[in-house]
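In: Please work out how this folds:
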Amino acid sequence: MASSSPVRHAWKVLLGLLLVTAALFGINALGVYGFQKSSWTPELALDLQGGTQIVLSAVTEDGADPTPEQLAQAVSIIRQRVDASGVAEADITTEGGRNIVVQIPGVADDETRARIQASAQLEFRSVLYAGDPATQFVGEDGNETPYPTPDPTLEATPTAEPTDGSDTSWITPKLQAEFLAYDCADPENDPSGAPADQPLITCDAEQPVKYILGPTELTGDAIDDATSGRDQQSGAWTVNLSLNGHGTEVFGEISQRLYQNQLDGLSPRDQFAFVLDGKVISAPQMNAQILDGRPSISGSFTQETAQTLADQLKYGALPLSFTTESSDTVSATLGSQQLQVGLIAGLIGLALVAVYSLISYRALGTVIIASIAVMGVLTYIIICILAWRMGFRLSLAGVAGLIVSIGFTADSFIVYFERIRDELRDGKSITGAVEDGWGRAKRTIYISKSINILAAVVLYILADSTVKGFAFTLGLTTLIDVFIFVIFTHPVMQILARTKFFGGGHKLSGLDPDALGAVYHTRSQFRQITPAKGGRAARNTRSRGEAERRQTIAERKRAEALAGDRSTDAGSEGER
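Out: Numbers count the residues shown, from 1 in each chain. So this is what the prediction gives:
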């Protein structure tokens with residue numbers, strides 16, 4: 001009963017592996033058919049698939065080129081925006097003295113484009129007036145008539161000095177006329193360069209609303225963090241802000257003013273607009289006095305729109321303003337030919353590992369081949385899931401990491417099998433050799449794989465973005481390698497060790513003690529080799545030589561002493 005217990009445990013572990021594999025395929029199927037965001041093939045990166053190229057040109061107040069430090073900071077923030085949208089393997093570089101080139105794998109969706117192109121300074125402005133974006137009115141004759149161009153003679157200076165950002169004294173007759181004639185759809189109306197200390201006429205980026213906003217009272221520099229999440233009471237999606245010390249103080253004063261306006265029924269002067277690139281991305285009402293620097297924005301958000309707004313607020317503070325010079329589709333820099341070469345190299349590597357395994361380990365080599373096959377299936381489906389959940393895209397560097405992992409994976413199994421063979425040479429049974437070899441091999445493999453994972457993590461953190469794909473796939477396959485080693489390879493060996501073919505030490509099994517040159521027949525007795533002729537004698541000679549080479553110094557001295565005793569006994573017998 002005890003001898004069958006490891007077999008039952010092994011079958012349970014293999015059943016667990018089957019359930020894990022089925023669960024992974026089920027998760028990806030949910031993404032494909034349920035959410036329609038996943039695929040049964042891995043997503044390819046820019047170097048293999050091509051994608052979208054957006055060229056941004058920096059705009060400075062004096063028209064001079066920005067400093068390298070400003071461009072470097074802008075690249076860092078734009079990269080954070082792109083990463084936040086779930087796009088991986090993007091290439092963001094500077095070009096010339098004022099351009100930033102953003103290359104994204106595949107076709108960029110509207111939300112990703114908005115994250116990248118919304119590159120001006122984030123501003124907080126109070127809402128003075130909100131109205132219909134129409135630029136026409138119905139005249140006395142019943143016909144629609146465009147609002148006239150503002151008369152230059154209209155008063156442009158406030159009649160009274162405004163006391164705060166919500167004071168309607170900012171709305172002069174000229175500003176009111178400009179508001180009525182302002183066309184949100186006119187591309188010449190670019191509010192991104194408006195002075196921060198003056199009121200602003202602009203429109204909502206999504207909703208059909210036109211605003212008059214007060215001067216800038218805070219900038220995006222005041223935001224330490226912005227996240228999206230569900231409200232614990234209502235369950236609705238919200239955007240949660242965390243302000244720095246200065247932002248907490250100023251926003252506290254603003255919240256008291258706007259909340260009082262709400263109590264007094266002075267809508268929309270109880271609203272506070274977040275302005276990015278001159279457009280209003282959100283204009284929530286102030287429903288309370290917020291003095292702790294942690295305001296929360298609620299509304300008709302979905303998970304996606306809440307996350308988009310959080311990312312825009314978090315990564316909105318750029319040191320420069322940018323205009324979009326061009327947005328084009330680019331072809332793959334390496335293309336399908338290089339991908340085919342990489343796949344062929346991987347297949348050649350697999351074939352060589354399979355041939356080597358079968359030659360060196362005979363039938364035991366099929367366990368190596370099966371383990372690599374199972375690992376390949378798990379790696380493939382996990383990469384598909386990561387493409388859906390994390391935006392992971394497979395680059396040529398990532399393909400190289402997968403190819404390199406084939407050798408690392410085979411190395412684990414070789415260490416294990418050699419440990420088993422060592423135990424067999426030491427006189428143990430095949431079932432005992434499998435268990436003891438497992439105990440000795442797993443420590444070595446765990447240490448080796450820990451070093452591989454550490455190297456992959458360091459490489460991923462410190463290396464250039466073009467190498468991160470290699471580091472990621474190398475670390476991923478190393479983890480899967482250890483998982484397969486524990487949950488597939490060892491249980492399979494436990495089962496095979498109790499079969500007649502492997503457990504009986506068949507010559508083609510790779511576990512034949514005679515072929516391995518076992519030193520002991522049992523733990524207390526050297527293996528005896530009977531004389532034979534021809535090929536069998538040659539094999540026994542080679543086996544005896546292998547046994548002698550594997551003896552320790554103590555074993556060799558003991559053998560010599562026994563041989564000397566036998567020689568003395570033979571001499572004494574001859575004298576008699």
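
In: quick one, strands of the stretch 201-350 of the chain?
Out: Counting by DSSP state E, counting those that start in this stretch, the stretch 201-350 of the chain has strands at residues 210-219, 223-230, 237-243, 272-276, 279-282, 296-298, 321-330.

In: in its sheet, what does the helix or strand hosting Ser57 sit against?
Out: Using DSSP states H and E, Ser57 maps to strand 51-59. Note on strand 51-59: by DSSP bridges, its sheet partners are strand 99-105 (antiparallel), strand 321-330 (antiparallel).

In: contact partners of the shortest one?
Out: When you say that, I think you mean strand 99-105. 43-46, 49-58, 71, 74-75, 78, 82, 87-95, 112, 116, 322, 325, 330, 393 (CB atoms under 8 Å, 6 or more residues apart in numbering). Every C-beta, even on glycine, is put in place using the N, C-alpha and C of the backbone.

In: Look at Thr41 and say how many residues are nearby.
Out: Using other CB atoms under 10 Å, Thr41 has 11 other residues around it.

In: wait, what's in contact with Lys507?
Out: Ala515 are the contacts of Lys507 under CB under 8 Å, 6+ apart.

In: Quick check: the gap between Gly475 and Leu402.
Out: As judged by CB to CB, to the nearest Å, Gly475 and Leu402 stand 12 Å apart.

In: neighbour count winner among those two?
Out: Ranked by neighbour count (other CB under 10 Å), Gly475 and Leu402 place Leu402 first, with 23 against 20.

In: Which helix or strand contains the closest residue to that one other than its chain neighbours?
Out: Sequence neighbours aside, Thr473 is the residue nearest to Leu402 in space, at 5.2 Å (criterion: CB to CB, 6 or more residues apart in numbering). In this assignment (DSSP H and E), Thr473 forms part of helix 465-484.

In: With Glu423 instead?
Out: Taking DSSP H and E as the definition, Glu423 sits inside helix 396-425.

In: relative to helix 465-484, how tilted is that helix?
Out: Angle of helix 396-425 versus helix 465-484, following axes from the mean of the first three to the mean of the last three CA atoms, to 10 degrees, is 30 degrees.

In: Tell me where the stretch 1-150 of the chain has strands.
Out: Under DSSP E, counting those that start in this stretch, the stretch 1-150 of the chain gives strands at 51-59, 91-95, 99-105, 123-131, 136-138, 144-146.

In: could you dump the fourth one to PDB, C-alpha only?
Out: Pointing back at strand 123-131 there. Output of strand 123-131 as PDB, limited to C-alpha atoms (Å, rounded to 0.1, in the frame of the first residue of the first chain):
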ATOM      1  CA  GLU A 123      -4.900  73.400 -15.400                       C
ATOM      2  CA  PHE A 124      -7.600  73.800 -12.700                       C
ATOM      3  CA  ARG A 125     -10.000  76.600 -13.500                       C
ATOM      4  CA  SER A 126     -13.300  77.600 -11.900                       C
ATOM      5  CA  VAL A 127     -16.400  77.600 -14.200                       C
ATOM      6  CA  LEU A 128     -18.000  81.000 -14.700                       C
ATOM      7  CA  TYR A 129     -20.600  80.100 -17.300                       C
ATOM      8  CA  ALA A 130     -21.600  77.000 -19.300                       C
ATOM      9  CA  GLY A 131     -23.900  76.900 -22.200                       C
END
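
In: how much space between Leu213 and Tyr129?
Out: Look at Leu213 and Tyr129: by CB to CB, they are 9 Å apart.

In: neighbour-wise, which of these two wins?
Out: Higher neighbour count among Leu213 and Tyr129: Leu213, with 28 against 18, using other CB under 10 Å.
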